[in-house]
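[1] A structural model of the following input is requested.
(chains A, B, C, D and E)
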Amino acid sequence: MLINCVAYQNGQKLGDIASTDIHDYLRRPDCFVWVALKDPLPSEISQLAREFDLHELAVEDAQHGHQRPKLDEYGDMLFCVMKTLQLDDEGYLNEGEVDVFVGANYVLSIRNGTRKGFQNVRDRCEREPHLLQHGAGFVFYALMDAVVDRYFSVMHQLEDELEALEERLFSRNGQARQNIQDLYALKRKLVMVSHALVPLHEATARLHGGRVPRVCGGLQDYYRDVDDHLARIIRNLESQRDMLATAIQVNLAMISLDDSSVSKKLAAWAALFAVPTMIAGIYGMNFEHMPELKSVTGYPTTLLIMAVLDGVLWWRFKQSGWL
Amino acid sequence: MLINCVAYQNGQKLGDIASTDIHDYLRRPDCFVWVALKDPLPSEISQLAREFDLHELAVEDAQHGHQRPKLDEYGDMLFCVMKTLQLDDEGYLNEGEVDVFVGANYVLSIRNGTRKGFQNVRDRCEREPHLLQHGAGFVFYALMDAVVDRYFSVMHQLEDELEALEERLFSRNGQARQNIQDLYALKRKLVMVSHALVPLHEATARLHGGRVPRVCGGLQDYYRDVDDHLARIIRNLESQRDMLATAIQVNLAMISLDDSSVSKKLAAWAALFAVPTMIAGIYGMNFEHMPELKSVTGYPTTLLIMAVLDGVLWWRFKQSGWL
Amino acid sequence: MLINCVAYQNGQKLGDIASTDIHDYLRRPDCFVWVALKDPLPSEISQLAREFDLHELAVEDAQHGHQRPKLDEYGDMLFCVMKTLQLDDEGYLNEGEVDVFVGANYVLSIRNGTRKGFQNVRDRCEREPHLLQHGAGFVFYALMDAVVDRYFSVMHQLEDELEALEERLFSRNGQARQNIQDLYALKRKLVMVSHALVPLHEATARLHGGRVPRVCGGLQDYYRDVDDHLARIIRNLESQRDMLATAIQVNLAMISLDDSSVSKKLAAWAALFAVPTMIAGIYGMNFEHMPELKSVTGYPTTLLIMAVLDGVLWWRFKQSGWL
Amino acid sequence: MLINCVAYQNGQKLGDIASTDIHDYLRRPDCFVWVALKDPLPSEISQLAREFDLHELAVEDAQHGHQRPKLDEYGDMLFCVMKTLQLDDEGYLNEGEVDVFVGANYVLSIRNGTRKGFQNVRDRCEREPHLLQHGAGFVFYALMDAVVDRYFSVMHQLEDELEALEERLFSRNGQARQNIQDLYALKRKLVMVSHALVPLHEATARLHGGRVPRVCGGLQDYYRDVDDHLARIIRNLESQRDMLATAIQVNLAMISLDDSSVSKKLAAWAALFAVPTMIAGIYGMNFEHMPELKSVTGYPTTLLIMAVLDGVLWWRFKQSGWL
Amino acid sequence: MLINCVAYQNGQKLGDIASTDIHDYLRRPDCFVWVALKDPLPSEISQLAREFDLHELAVEDAQHGHQRPKLDEYGDMLFCVMKTLQLDDEGYLNEGEVDVFVGANYVLSIRNGTRKGFQNVRDRCEREPHLLQHGAGFVFYALMDAVVDRYFSVMHQLEDELEALEERLFSRNGQARQNIQDLYALKRKLVMVSHALVPLHEATARLHGGRVPRVCGGLQDYYRDVDDHLARIIRNLESQRDMLATAIQVNLAMISLDDSSVSKKLAAWAALFAVPTMIAGIYGMNFEHMPELKSVTGYPTTLLIMAVLDGVLWWRFKQSGWL
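    Here you go, the predicted structure:
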């Protein structure tokens, strides 16, 4: 679905144009066209590919989708695949894809499976004509910056999730089974995020520093800024994975500990029952000559002894933390 | 076994030729020969090696098989070893081998232990004469692309296998023993896949970018595409190994947890039996002066006390999740 | 909040100046201005940014804070972000941020959330005019050196913490639950420290050796010294993480061990009670022909046998370390 | 002990020569000398070192032995240390050492603690005069190839060992203790193999590709072949270590599982005994008014109830896999 | 404390000189001075620093001590920090420090906390005047070689320690608690050794190969030898750490195994006691109509049945390895 098709000249919006007029605008100097598609059909992409003369392999990738994030150079054209990430209300992590074709005088952005659009990127760009004068390279930067910014909020939600899990880990009403399941699910999400981020970081590293694609020329400080943001998220991600690995070990330790404390309780209670049972067993023997049995005070004394012994035991177990 | 021996000129098929005529076609300009062998005898390879003047070390490797994936340059000739992977119906992973010799005007492909052939690659090439004009280098790309494409389906099957295992991991009717065995078997398969992929990826990295072998000249975008696909599969593979390692830990935790819950049940039931047994023991003592024993209501009262105590205990254990 | 704004010429302090006069001093040769801010408002930064003509992206970073440590070059200007670390009395690790802008003739340092200031750095610099003659580059070194020096004390406190934990780990009055929690908290702190140090180390590596930013020229031995200190702390950090990982494993082993010794005790005591209970049970049977029951010495003999058997058992368990 | 001392010219064997004549042959053009020693005395090495004018540090290394595999260049001379590995009949891994000095016109090979000699290498070389014409560089290749070839068989034996262990791991008659010990022993062997292979691989990498020592000139395809073989063995080794690490974890899980199933059995049998014991206890109470006791059918009914209850329990435990 | 201060010319000892005369000897051609200090005061170092014109940062490092091993170049002067390691009689690992300043015509070595001196290095150097002619660079090599040689003996002791631990690990009289503690202590030592070795190895790598500091010129083969020794020790160290990590896991498995066997014993003995107790309970019931009770042979028969049942059980438990 075509969302926007706008021509810009010297950083100023010329106005929405029909996709059939793209051709004319591409010829004008200092002019570039920015087209945005959403969940397009392969045929829509093919049509624009002819308009912009895009490389067939890049077009194929955009049509099939499910690429890994990457930045390919085809002559002067850049083809960039980025992943968008969104946590839905049940905590599932959904992945969308944004494909961007960048040429000297055009930007074609295609988003698939991404609920939130990039209208705000367009608005911001149009509010800053002095930057938009840089042309397609700046638009590309603005899109990338927007995608990366959204990663921050995903990371923060995952950090909150880990923190909530950590608290449950150490709380005493052990929901160990649920904890394991949640730790595993979080692990899976972190792996997904890592898939989206790490290859993109490899790509952005090539947009500042040494040799830089021509359309990104003069914007190296901006691309370094994006690269920096990615580096920061990736470090957070690494730490999260590290902490998660430790949390899984800790969880195992907590289970063992719980098991151990149950063993202790079991041992303690067994002893508390075993003492009176043994004594009762002794006075239940049928020997004819058992003087205590004749005694009037035998029975209460025995009960008392049982109670005292169990009291002492109970106190000692309490002391040593077994009960 | 010789499968095909076809000569091409300017991207057009000239027709099947006898292997003894190869010599003649190699001399023609803009002409190349594409020979396909299947599970050949060493002698068959030797004969073609003389025809194409292949390097003795490469020929030896092809004759012995069981090489690791690699890309060797012998002057202008390329020798490439690739592994094919197939999951059979019992879930076993079978490995085949495809050896490709690529020269300026010939391609010799040899497949060993690979059920599915590469006829579709030949068909696709012949349908695209404008690409086939690139000559041997394009054929080599097409073969590699086909091999790599098949890895995707293997990876998807292994991903499904892991997902099925994950579900069993968290289901309550713990088949822990079977789970361990299956996790271990999956690990083994992932190691096998990694053996096939990682060295090939090292090889493809040398086919685009800086210095590129001459026969692959002008096809860098295509080889980069293959390289990209491999990178994507390898990232998936790494994630799978990572998740698998976690799954093994999780499995251990589940076993501990199961053990722990059995300990609790044991403790609870032991207590439920111990209480009436202890009380019965007390009234089984043979003291002469035990007033309760004379009472008409002694027996039912005692039974009631036993039942009430056990009821209370049972309810508390139920509360705290021990039963 | 503006803390200091001082002009220096040839290593000598000229005196405190008003922030509105900065302009004049920047024009004088051999003169540089050193401004220090603390928890400034964005507007304060903006004002100084205009004065020094700082790059907008760097200014934005300084205004938002919470950057990762980094060293960015914008033309001849350097922008450096460093983290300060402080352990408070409850053992929590607080993170502050120091942002430094360094130009040919100015240094602007901004600290956020750092309790301890850098007045001592200024004092030290003013006491060594021969070094301060190097200008802004030396001030930058002095600030960095001060930040890094404070890391040492944090690392020593964390090392002490780990040592205290290790001792508790092996002590017999196992507070296993508390230990796990503390090990996990320490892990978290080490991750935080690593976040502060590792990216800074990457930055300092670019301040000595091959190509060096112009303002740091002639001070390479000094920057290498800082780099060296960081390298040393990072090695310590790595070792700490390594030991901590082992400590967590050891903790798990100790829990298992504790559990195992409880199982042994449980088994032993159960046996000690089971023996007399079984014997008593036998003489509690109601057979009419049980000669022992008639014997006058039957009862004491039986008690003696019980005691002897339990004594022997108790001694054997003691021997084999079960009790 | 001197084994061989042979002079070659243009790839042809001239004949065995006395070690005192070496001098003369070294002066002849197109002629080289190949000397083989076995477990030599330091003095034997010293004598030949004078003859060939070897570097003192290399000679010292050869005399002391127990070097790590390496390749040192001393001017035009190469000194290479390789490890030989042999599994003896009890499965112990024995390490030998082969030191090779290679100069423009000589090869001196010294083997220590290696049972199997290299006569077959000499035979193969003499059968291929066209390759032997390359001189000392080819002999060096042939020796290295022979050493590396033997690693394959060691690796296969270790792979078999791991497979046997894996089967035992999952078999039900758990010899857990023996398994742990064998896994640990295998780990140790893999570490030993890794010590022999990895540094050698670093060395062979320098014998093909960019700059190559002069005596190895023109043989790069051959050295790449050896390098390739080593790369393959090392990949196998890595996989083995990876699988072994998993096997150790699996073993731990199996122990836990075994423990868990014992706990279940224990719980089940305890319950089976506790039920009749409790019932018997109740009818063992001495209350005067217990109507059941008077009943003629009381006793058999009670026994029946006990049996039925235990039967039901036994069946339920069987169902849930506890027995 | 000044230990030696000796001047050498052309590899020959000129004799001990007063530290105030150093000045004169430094001016003579082909002459160099070698000064050795032990646990010096900061003032002693300052004095010699003035004499040799050492860089202030290097002097500060030497005065403060506790540096990480490193090699710093200050113009033509080298400053090297090395760690010495000694295992004392209780098995504690003590760390000393050797700082060496090397200039064109002087060597200043400072050892702190190192019991064993380097007199033997001086003796060896003086016995080899042809090598000592190389001047300060050779002395530096000789010192480094001596320090590295001592690492070998430390590594061998630690290897022995690990081997002893391994044996205890698998012995049946499990001192699991002691084992864990010793494994942990060994880990700590290995980390310490790694701290001393790895940075030094980074330093020695810069003393052979490409660009080499001038004072080490012409001695590259010697420095490569030291580098090689370090590489070998570091490989051993890595293996040790690897084995140790496995040993810790193995230890955990052994504890589990021990626990498991205790569980089995507990289960078995509980069953052995439960059988007679249950039977006795049955005949302890007070039913009026229990024909067996009247029988003369009832009692002995019952005892016999108890004994037989327990015998059978005992035999079966013995069979299945539970007892």
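[2] who's in contact with the one residue in the stretch 201-323 of chain A that gets nearest to chain D?
    With C-beta to the nearest C-beta, the shortest gap between the stretch 201-323 of chain A and chain D falls at residue A:284, namely 6.9 Å. Every C-beta, even on glycine, is put in place using the N, C-alpha and C of the backbone. Taking C-beta atoms under 8 Å, 6 or more residues apart in numbering or on different chains, we find residue A:284 in contact with B:281, B:284-286, C:280, C:284, D:284, E:284.
[3] again, only using 6 Å
    B:284-285, C:284 (C-beta atoms under 6 Å, 6 or more residues apart in numbering or on different chains).
[4] same check on residue A:9?
    Residues in contact with residue A:9 (C-beta under 6 Å, 6+ apart) are A:30-31.
[5] what's it sitting at in phi/psi?
    phi -140, psi 130 (degrees, to the nearest 10).
[6] mind checking how far the closest residue to chain B within the stretch 201-323 of chain A is from residue A:314?
    Nearest residue of the stretch 201-323 of chain A to chain B (C-beta to the nearest C-beta) works out as residue A:280 at 3.3 Å. Going from residue A:280 to residue A:314 by C-beta to C-beta, to the nearest Å gives 18 Å.
[7] the two: which is more packed in?
    Neighbours were tallied for residue A:280 and for residue A:314 using other C-beta atoms under 10 Å in any protein chain shown; the higher tally belongs to residue A:280 (25 against 16).
[8] so, in contact with chain E or not, the helix or strand where that one lies?
    Using DSSP states H and E, residue A:280 falls within helix A:220-283. No - Helix A:220-283 lies apart from chain E when judged by C-beta under 6 Å from any C-beta of the partner chain; the minimum separation is 8.8 Å.
[9] and the angle for that helix with helix E:220-283?
    30 degrees (axes from the mean of the first three to the mean of the last three C-alpha atoms, to 10 degrees).
[10] following the chain past helix A:220-283, name the next helix or strand.
    helix A:291-294.
[11] is chain C within reach of that next one?
    No - judged by C-beta under 6 Å from any C-beta, helix A:291-294 and chain C are separated, with a smallest distance of 8.3 Å.
[12] still on that earlier bit, name the helices or strands packed onto the helix holding residue A:280?
    Helices and strands touching helix A:220-283, by 3 or more C-beta pairs under 6 Å, 6 or more residues apart in numbering or on different chains; DSSP states H and E, are helix A:136-170, helix A:176-204, helix A:298-319, helix B:220-283, helix C:176-204, helix C:220-283.
[13] quick one: residue A:94 from chain D, how far?
    32 Å (C-beta to the nearest C-beta, to the nearest Å).
[14] SS state for that residue?
    strand (DSSP: H, G, I helix; E, B strand; the rest coil).
[15] OK, contacts around it?
    A:86, A:88 are the contacts of residue A:94 under C-beta under 6 Å, 6+ apart.
[16] can you check residue A:281 too?
    Contacts of residue A:281 (C-beta under 6 Å, 6+ apart): B:281, C:277, C:280-281.
[17] give the bridge partners for the nearest residue to residue A:17 once chain neighbours are set aside, please.
    Closest residue to residue A:17 in three dimensions, ignoring its sequence neighbours and counting by C-beta to C-beta, 6 or more residues apart in numbering or on different chains: residue A:7, at 5.1 Å. Bridge pairing for residue A:7 (DSSP bridges) gives the partners residue A:15, residue A:33.
[18] let me see the mean pLDDT of stretch A:113-131.
    On average, the pLDDT along stretch A:113-131 is 87.
[19] residue A:96 and residue A:114 touch, don't they?
    Yes - here residue A:96 lies in contact with residue A:114, judged by C-beta atoms under 6 Å, at a distance of 3.3 Å.
[20] joint contacts of those two?
    With C-beta under 6 Å, 6+ apart as the test, residue A:96 and residue A:114 both reach residue A:84.
[21] endpoints of stretch A:98-108, how far apart?
    10 Å (C-alpha to C-alpha, to the nearest Å).
[22] residues contacting it, please?
    A:26, A:32-35, A:48, A:52, A:54, A:62, A:76-82, A:84, A:109-111, A:136, A:139-140, A:143, A:215.
[23] for stretch A:179-189, same thing?
    A:93, A:161, A:165, A:168-169, A:244, A:247-248, A:251, B:170, B:246, B:250, B:253.
[24] closest to residue A:231 out of those residues?
    residue A:244 (20.2 Å; C-beta to C-beta).
[25] check the gap between the closest one and residue C:58 for me.
    Computed as C-beta to C-beta, the residue A:244 to residue C:58 distance reads 34 Å.
[26] that older thread, JSON lines please, covering the helices and strands packed on helix A:220-283 and showing distance to residue C:322 and mean pLDDT.
    Shown next, in JSON lines, are the helices and strands packed on helix A:220-283 (distance: least, C-beta to C-beta, whole Å; pLDDT from 0 to 100):
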{"stretch": "helix A:136-170", "distance to residue C:322": "32", "mean pLDDT": "92"}
{"stretch": "helix A:176-204", "distance to residue C:322": "29", "mean pLDDT": "91"}
{"stretch": "helix A:298-319", "distance to residue C:322": "18", "mean pLDDT": "89"}
{"stretch": "helix B:220-283", "distance to residue C:322": "19", "mean pLDDT": "87"}
{"stretch": "helix C:176-204", "distance to residue C:322": "21", "mean pLDDT": "91"}
{"stretch": "helix C:220-283", "distance to residue C:322": "4", "mean pLDDT": "87"}
